[in-house]
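> take this sequence and fold it.
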Amino acid sequence: MFIVTHRKLFFIISSLLVVGSIVSMFLFGLHFGIDFTGGSLLEVTFTNGRPTLDDANTRLAPLALGEYSLRPSGDSNLVLRSRELTPAEKTQVESALSSGHPENIQEDRFDSVGPTVGASLKQKSFYAIGAVILCIVLFVTFAFRKVSLPVASWKYGVATIVALAHDVLIPAGVYVVFGHFTGAEIDILFVTALLAILGYSVHDTIVVFDRVREHLRVNGEYRTKEPFEETVGKSVRETFGRSINTSLTIFLVLAALFFLGSEATRNFSFILLIGIIVGTYSSIFIASPLLVTLEKLQKKE
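You can find the predicted model right below:
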């Protein structure tokens, strides 16, 4: 099959995307939201015309909020991210933004997280992603424990972890670039999206691997001498339509959520959109062809 035969081309494409993602992280930095750094987020709606950013910043200047971020949202909202605000300070901010006319402003959201809690959440999020990847690899290795030829069962786990690393790094890098231009920050929903991407990706990968296992079992029963490369190619071809159709269905739902949904879910749906594309790509063009590469390397040993 074309995918297996020209696997080096797809490996190169993925390598370039991964390197580009890592470079973007160093270039633009990881901008963590208040979930991880601590602080307050206040979103307000102006019922009688939103002021310009310059006017809003001028109104907030006397309050000594320290370093803060003020961005527009939608047609009539402003979102303020700052250090942790007390209830009295929040009231002062709302009063300043409304120029002393509280009837012209409406509070939509107010979240406040202490720095200690934020640091703890950040640490636990990294642990959660690492634990999920480890559990997935162990599960794949156990599920394919009876498949020892021509590739050892643990190498299915290796192929899976390479695909999962690919599926985490690329969406994260794209999101960093997206955040640089839109102000999107890394928050709990970002971590939730990555965990969902990992689950979807490994599910798609295992479907192809399971078809490979089934063909190897049948070949063993009938003593058919079929090259492993051909077995993998046939398995990918048989599951290709299923993978594309499933991904397309999810993609359409997420696209509708991104373009038609609220501002609160837009960033979440964006990273899931990228993750679905990348996860489908890796299960077809990376994980399965990688088994062929591992098998050929094994022959040379």
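
> output the below-cut-off pLDDT ranges for the stretch 51-200 of the chain.
Across the stretch 51-200 of the chain, residues meeting the criterion (pLDDT under 70) sit at 113-119, 147-148.

> which parts of it are strands?
Per DSSP state E, counting those that start in this stretch, the stretch 51-200 of the chain carries strands over the ranges 69-73, 77-82, 105-113.

> partner strands of the second one and their direction?
Taking DSSP bridges as the criterion, strand 77-82 forms sheet pairs with strand 39-46 (antiparallel), strand 69-73 (antiparallel).

> could those go into CSV alongside distance to residue 270?
(Glycine included, C-beta is placed from N, CA and C.) Shown next, in CSV, are the strands paired with strand 77-82 (distance: least, CB to CB, whole Å):
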stretch, distance to residue 270
strand 39-46, 19
strand 69-73, 15
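
> for residue 28, which of those is the nearest?
Residue 28 lies closest, by CB to CB, to one member of these: strand 69-73, at 15.2 Å.

> roughly how far does residue 173 sit from residue 216?
Taking CB to CB, to the nearest Å as the measure, residue 173 falls 36 Å from residue 216.

> ok, the residue nearest to residue 46 when sequence neighbours are not counted - contacts?
Sequence neighbours aside, residue 76 is the residue nearest to residue 46 in space, at 5.1 Å (criterion: CB to CB, 6 or more residues apart in numbering). For residue 76, the contact set (CB atoms under 8 Å, 6 or more residues apart in numbering) comprises 45-47, 49-50.

> could you do residue 286 as well?
Counting by CB under 8 Å, 6+ apart, the residues that residue 286 touches are 10-11, 14, 162-163, 166.

> helices of the stretch 51-200 of the chain, start to end?
53-60, 87-97, 115-143, 153-182, 188-221 (DSSP state H, counting those that start in this stretch).

> distance between whichever strand or helix holds residue 234 and the chain's centre?
Taking DSSP states H and E as the definition, residue 234 sits inside helix 228-260. In terms of CA atoms, centre = their mean, to the nearest Å, the centre of helix 228-260 is set 17 Å apart from its chain centre.

> between that helix and helix 188-221, how big is the angle?
With axes from the mean of the first three to the mean of the last three CA atoms, to 10 degrees applied, the angle from helix 228-260 to helix 188-221 works out at 160 degrees.

> list the helices and strands helix 228-260 packs on?
Using 3 or more CB pairs under 8 Å, 6 or more residues apart in numbering; DSSP states H and E, the elements in contact with helix 228-260 are helix 2-5, helix 188-221, helix 263-282, helix 288-300.
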